[in-house]
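Visitor: Quick one: sequence and predicted model below, then my questions.
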Amino acid sequence: MVEKIFMDQTVIITGASSGIGWEMARQMAAQGANLALAARQKDKLTELADQCNKLGGKAVAVPTDVSDPKQCRALIDSAIKAFGGIDILVNNAGTTMWARLDEITDLTIFNTIMQVNYLGSVYCTYYALPYLKASKGRIAAISSLTGKAGVPTRTGYSASKHAMVGFFDSLRVELRGSGISVTMIYPGFVDTGVQERGFGADGKPLGINPLQKNKIMTANECARLSIKAIAERRREEVMTLRGKLGQWIKLIAPGLVDKIAAKAIEEGK
Ligand SMILES: NC(=O)c1ccc[n+]([C@@H]2O[C@H](COP(=O)([O-])OP(=O)(O)OC[C@H]3O[C@@H](n4cnc5c(N)ncnc54)[C@H](OP(=O)(O)O)[C@@H]3O)[C@@H](O)[C@H]2O)c1
C-alpha cells in the first residue's frame, strides 16, 4: 500500500490553491512529504502550507503563474532551495470552459487554456527534469476523460488535455531506462468548482456550476486515487466506470462514446 511512501519525498504540486491539488497536498503532507505548493493565489497557498505543516509535512508556498516559463523555472529553483532536490512533480494546474464553439465570442479562451493546461505542464516538467533524473523520480499529469474522448462544450479544453497526453506519452518513451515514471491521471467530473471558474462563451468566468454535485466524485477521492497511482508508478489511472468502459467501447463503437459524452454534459454527471 501507499502508506508513508511519500515520507521526506519532495513534491511539487501546481494548482495547489484549490480542488484536487489542495487535497493531494494535504494527503501527501499527512504522509510526511516536503511540498512546494504552486498557484497564483498567494493567500490560499499560505493557508494550505500552514495546514500541511500541521499535518506532518513541510511546505512552502511558491506563487506561480504556470503560463510563464520564467515563473516555472523560479518554482523549480524555490523547491531546490527549500528542500535540496525534487522527487515528484504533479502537473495539476488547469482551467476549463463550458461553451460550444458556435457560441464563443472570445477566441483568447483557446490560447489561455492551452497555455495553462498544456504549456504550463511542459515548462514545469522541462525545468524539473534534471532533478527528477537525479532522484529517479515521478512525474504525474492530471489530464481528464476529455483527454481520452471528445466532449461537447469542451473543444479547447479537450484539445489541451489531448495535448498533455501526447506530450507525456512521448516523454515516457524518451525516459525509458531513466528510472523516472510518468503517470497520467484521467478524472471524470470532480466536485471542485472548476466549472464556475472556467470560461463561458464571452471569455468571462461561467459563474455557475452545471454539474450535479452530489452525483460526482469528491476532490478528496480523486486525490486519493491519484496519489495511489503515483505511488505505484502506474502508467495511467482512468477514473469512473464510464471512463474505464468508455476506452474499450471507443475501439469498437466510437459513435456510442459520442452519445455517452453528450449525455454526460446534458445531465451534468
Ligand atoms: N474538476 C473536474 O471535474 C476535473 C475533471 C478532470 C480533470 N480535472 C483537472 O484537474 C486539475 C485540477 O482541477 P480542479 O478541478 O481541482 O480545479 P480548481 O479547483 O479550479 O483548481 C485549479 C487550480 O489550478 C490553478 N491555476 C489556474 N490557472 C493557473 C495558472 N495560470 N498558473 C498556476 N496555477 C493556475 C488554480 O489556482 P490559482 O487560481 O490560484 O492560480 C487552482 O489551484 C485541472 O488540470 C483540471 O483540468 C478536473
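Guide: Received the coordinates, thanks.
Visitor: Tell me where the stretch 51-200 of the chain has strands.
Guide: For the stretch 51-200 of the chain, strands defined by DSSP state E, counting those that start in this stretch occupy the ranges 58-63, 88-91, 138-142, 181-186, 190-191.
Visitor: ranking these by burial, who's on top?
Guide: A comparison of the strands of the stretch 51-200 of the chain by mean neighbour count, using mean count of other Cβ atoms under 10 Å, puts strand 88-91 on top with a mean of 28. Glycine gets a C-beta too; all of them are placed from N, C-alpha and C.
Visitor: Give me the residues contacting that one.
Guide: Here strand 88-91 makes contact (Cβ atoms under 8 Å, 6 or more residues apart in numbering) with 6, 9-14, 21, 24, 120-121, 124-125, 128, 132, 137-142, 164, 226, 230.
Visitor: touching the ligand at all, that strand?
Guide: No: with Cβ under 6 Å from any ligand atom as the criterion, the ligand is not reached by strand 88-91; the gap is at least 7.9 Å.
Visitor: Sheet partners, orientation included, of that strand?
Guide: Strands that pair with strand 88-91, judged by DSSP bridges, come out as strand 10-14 (parallel), strand 138-142 (parallel).
Visitor: who in the stretch 101-250 of the chain is up against the ligand?
Guide: The interface of the stretch 101-250 of the chain toward the ligand, taken as Cβ under 6 Å from any ligand atom, is made up of 116-117, 142, 144, 187, 189-190, 192-194, 197.
Visitor: Next, give me the two most distant ones among the residues you listed.
Guide: Greatest spatial distance in these: 116 and 189, 19.5 Å, computed using Cβ to Cβ.
Visitor: Who are the contact partners of residue 8?
Guide: By Cβ under 8 Å, 6+ apart, the contact set of residue 8 is 32-34.
Visitor: Please name the bridge partners of residue 89.
Guide: Using DSSP bridges, the beta-bridge partners of residue 89 come out as residue 12, residue 139.
Visitor: how near is it to residue 126?
Guide: Distance of residue 89 to residue 126, given as Cβ to Cβ, to the nearest Å: 10 Å.
Visitor: And for residue 33?
Guide: Noted for residue 33: a distance of 23 Å to residue 126, by Cβ to Cβ.
Visitor: Also residue 103?
Guide: Taken as Cβ to Cβ, the span from residue 103 to residue 126 is 35 Å.
Visitor: Same check on residue 224?
Guide: Counting by Cβ to Cβ, the gap from residue 224 to residue 126 is 29 Å.
Visitor: coming back round to it: can you tell me which of the residues of the stretch 101-250 of the chain next to the ligand end up in helices?
Guide: Residues of those located in helices (DSSP state H): 194, 197.
Visitor: Quick check: PyMOL command selecting the buried ones in the residues of the stretch 101-250 of the chain next to the ligand.
Guide: Here is the PyMOL command that selects only those of those that count as buried (16 or more other Cβ atoms under 10 Å):
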select buried, resi 116+117+142+144+187+189+190+192+194
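Visitor: Output the residues of the stretch 101-250 of the chain next to the ligand in a markdown table; the columns should cover pLDDT.
Guide: Listed next are these as a markdown table, based on pLDDT from 0 to 100:
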| residue | pLDDT |
| --- | --- |
| 116 | 98 |
| 117 | 98 |
| 142 | 98 |
| 144 | 98 |
| 187 | 98 |
| 189 | 95 |
| 190 | 97 |
| 192 | 95 |
| 193 | 87 |
| 194 | 90 |
| 197 | 92 |
